[in-house]
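Undergrad: kindly generate the corresponding structure for this input.
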Amino acid sequence: MTRSREAWARFLATRVVGVFVDAAVVALAYLAAVALRFDFAEPTSIGGWGAIARSYVTVCVVHLSSLLVFGCYRLAWRRIRGVELPRYVGATAFACAVLTAMRFLMPEVTLSHIRPPYSITIICFFLATIGVVGVRVLWRVYWTSRVKEDALLERNVKHFDDTVARRFLAGKTVMVTGAGGSIGSEIVRQVAAAGAKKVLMVERGENALYEINRRMNDARCVPLMYDVNDRGKMDALFAAEKPEVVLHAAAYKHVPMVEMNPEEGWRNNTEATRGLAELAKAHGVRRFVLVSTDKAVNPVSVMGRTKLAAEQAIMALNDAPAPPSPHSTTSFCAVRFGNVFGSSGSVVPLFKEQIAKRRPVTVTHPDMKRYFMTIEEAVSLVLQAASRDERAIYTLDMGEPVRILDLAEGMIEQAGYRPYVDIPVVFTGVRPGEKLFEEIDVSERSAYKTDMAKIYITKPDVRS
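TA: Reported below is the predicted structural model:
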């Protein structure tokens, strides 16, 4: 059975369950209405409890039919909204009108087992409306509380001891490039929280720089609208501010875009990194950290090759003689990890936009898998790696890869919709430069384990 057919089968099953729940709600409402009308005594004047039980069949059929006619069973309980309430109220009001008309058209007492009295019908209308809407609201509250975005990663989000990183960063001047991006802005936040003396927020995008500056609202965080490709301005910045740590997150990260613009990708990802690293060495920066990617492992895309070349460029500087300087030699390292959940370069924002607009969710291939971390996890580990002494390429242990199709379906469900029923999933084909599986490997064959959780040192013979 295909996923689409399975989804429709589950949908029909949930609708059946919904009908039974509504039948129970109407039963309780009708019973309560009778009890209130007859002061909780047996309604002997209309035939006793036996007649009430028989008349419930009519009441139930009318209410369920009204909910069906008004389209209430096409709505997802876990996404009930205020704009949908008139539909439910309209259905129960219509049921009340039908039952009232039946009582008017069939006044004979002998027919009391198929049409309830006016007063009971009115009371039942209010109670049934409250009950039908109430169970849906309660289900939405329950669903919202139990489903968190991080749960889509299919693992527990880790929180790491950042004592060493905080001690390393405290009191230092730290330069963060790409400070307005998803990763860069979180680096700025965590570096400032660690007690840095000054955070140089280097970002060439005006809007992105404005946003991170507004969010930080911290005199220690200095917004600098610089392009890391401008060697002259960056040289002057190093000379003026004398940063002790550089966290280089500025890069082009979208594989298809870099694939279509290879020269610009090389200039921004490789040459800019090389130039920035050379300046860091010339000005005696203590630690230079390149935020890299799992796509640098056996790269098939232009983006992956530019990041691998950037890694090789900074690692070569570790072995090069230092220029004349009173400062200690700069220590260079790179940190590789996979996709950051919710970052601007991941599929998550795209899926959110498609779901919000009720458009088909596009997945390139049903077997496509990627490694994911939350932004907070990834940056925390980057800063821990920065605090270490090794001149190495670090690889982060990202757990098991997540199937993109499962992620898409989970996000649709999390939004309160049903995959393939409310929102279809379509496959668009693997794009140029993409792999079905990335190749992060932290086994003993490829990496050395450090004394910090999730941080491994890539062996030199498997770096490329």
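Undergrad: got the contact list for T2?
TA: Listed by C-beta atoms under 8 Å, 6 or more residues apart in numbering, the contact set of T2 is empty. (Each C-beta comes from the backbone N, C-alpha and C, glycine too.)
Undergrad: burial count for I120?
TA: Close neighbours of I120, defined as other C-beta atoms under 10 Å, add up to 24.
Undergrad: ok, I423 next?
TA: 22.
Undergrad: what do you get for G416?
TA: There are 19 residues near G416, going by other C-beta under 10 Å.
Undergrad: please pull out the lowest mean pLDDT helix or strand from this protein.
TA: strand 339-341 (a mean of 80; mean pLDDT, DSSP states H and E).
Undergrad: name the helices or strands packed onto it?
TA: Where contact means 3 or more C-beta pairs under 8 Å, 6 or more residues apart in numbering; DSSP states H and E, strand 339-341 is packed against strand 372-374, helix 375-386.
Undergrad: hmm, try it at 6 Å
TA: Judged by 3 or more C-beta pairs under 6 Å, 6 or more residues apart in numbering; DSSP states H and E, the packing partners of strand 339-341 are strand 372-374.
Undergrad: the strand it packs on packs against which elements?
TA: strand 339-341.
Undergrad: can you list the strands that the strand it packs on pairs with?
TA: strand 372-374 (parallel) (DSSP bridges).
Undergrad: helix/strand/coil for V246?
TA: What DSSP: H, G, I helix; E, B strand; the rest coil gives for V246 is strand.
Undergrad: burial check on it, number of neighbours?
TA: Counted with other C-beta under 10 Å, residues neighbouring V246 total 26.
Undergrad: distance check, it against K172.
TA: In this view, V246 and K172 are 11 Å apart by C-beta to C-beta, to the nearest Å.
Undergrad: with G18 instead?
TA: Taking C-beta to C-beta, one finds G18 at 59 Å from K172.
Undergrad: repeat that for R418.
TA: From R418 to K172 the distance is 51 Å (C-beta to C-beta).
Undergrad: before we move on, what about L383?
TA: Taking C-beta to C-beta, one finds L383 at 12 Å from K172.
Undergrad: where does A95 land on pLDDT?
TA: In this model, A95 is scored at 94, pLDDT.
Undergrad: now it: which helix or strand?
TA: Applying DSSP states H and E as the criterion places A95 in helix 85-105.
Undergrad: kindly report the same for F332.
TA: With DSSP H and E as criterion, F332 is part of strand 331-336.
Undergrad: report the buried residues of the longest helix belonging to the chain.
TA: Determined from DSSP state H, the single longest helix within the chain is helix 3-37. Of all the residues in helix 3-37, those buried under the rule 16 or more other C-beta atoms under 10 Å are 7, 11, 18, 21-22, 25-27, 29-35, 37.
Undergrad: again, but for stretch 366-377
TA: 368-377.
Undergrad: likewise for stretch 120-139?
TA: Neighbour-count burial for stretch 120-139 flags 120-125, 127-129, 131-133, 135-136, 139 (criterion: 16+ other C-beta under 10 Å).
Undergrad: looking at the residues you listed, which are in helices?
TA: Secondary structure of those is defined by DSSP H; positions in helices are 120-125, 127-129, 131-133, 135-136, 139.
Undergrad: got the angle for the strand holding F332 vs helix 375-386?
TA: Inter-element angle recorded for strand 331-336 and helix 375-386: 150 degrees (by axes from the mean of the first three to the mean of the last three C-alpha atoms, to 10 degrees).
Undergrad: how much space between D161 and S380?
TA: 9 Å.
Undergrad: looking at those two, which has the bigger crowd around it?
TA: Between D161 and S380, S380 has the larger neighbour count (other C-beta under 10 Å), namely 22 against 11.
Undergrad: now do the strands in the stretch 251-400 of the chain.
TA: Applying DSSP state E, counting those that start in this stretch to the stretch 251-400 of the chain gives strands spanning 287-291, 331-336, 339-341, 361-363, 369-370, 372-374, 393-396.
Undergrad: could you export those strands as JSON lines, including distance to L405?
TA: JSON lines is the format used below for the strands of the stretch 251-400 of the chain (distance: least, C-beta to C-beta, whole Å):
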{"stretch": "strand 287-291", "distance to L405": "28"}
{"stretch": "strand 331-336", "distance to L405": "25"}
{"stretch": "strand 339-341", "distance to L405": "15"}
{"stretch": "strand 361-363", "distance to L405": "5"}
{"stretch": "strand 369-370", "distance to L405": "9"}
{"stretch": "strand 372-374", "distance to L405": "14"}
{"stretch": "strand 393-396", "distance to L405": "24"}
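Undergrad: compare those strands and say which comes out lowest on pLDDT.
TA: strand 339-341 (a mean of 80).
Undergrad: got a list of what K172 touches?
TA: When contacts are counted by C-beta atoms under 6 Å, 6 or more residues apart in numbering, K172 touches 196-197, 244-245.
Undergrad: buried subset of those residues?
TA: For those, buried by 16+ other C-beta under 10 Å: 196, 244-245.
Undergrad: what lies in contact with the least confident helix or strand of the chain?
TA: Outside strand 339-341, the residues that touch it by C-beta under 6 Å, 6+ apart are 346, 370, 372, 374-375, 378.
Undergrad: equivalent analysis for stretch 343-351, please.
TA: By C-beta under 6 Å, 6+ apart, stretch 343-351 touches 182, 253-254, 339, 342, 361, 408, 411.
Undergrad: cool, stretch 121-129 as well?
TA: Here stretch 121-129 makes contact (C-beta under 6 Å, 6+ apart) with 26, 29-30, 32-33, 36, 89, 92, 96, 99-100.
Undergrad: and stretch 240-257, by the same measure?
TA: 172-178, 183-184, 187, 200, 228, 258, 265, 268-269, 280, 285-291, 301, 303, 345, 431, 433.
Undergrad: for whichever strand or helix holds K233, which positions count as buried?
TA: Per DSSP H and E, K233 falls inside helix 231-241. By 16+ other C-beta under 10 Å, the buried positions in helix 231-241 come out as 234-235, 237-238.
Undergrad: skipping its backbone neighbours, what lies nearest E376 in space?
TA: Leaving aside its sequence neighbours, E376 sits nearest to E186 (C-beta to C-beta, 6 or more residues apart in numbering; 6.6 Å).
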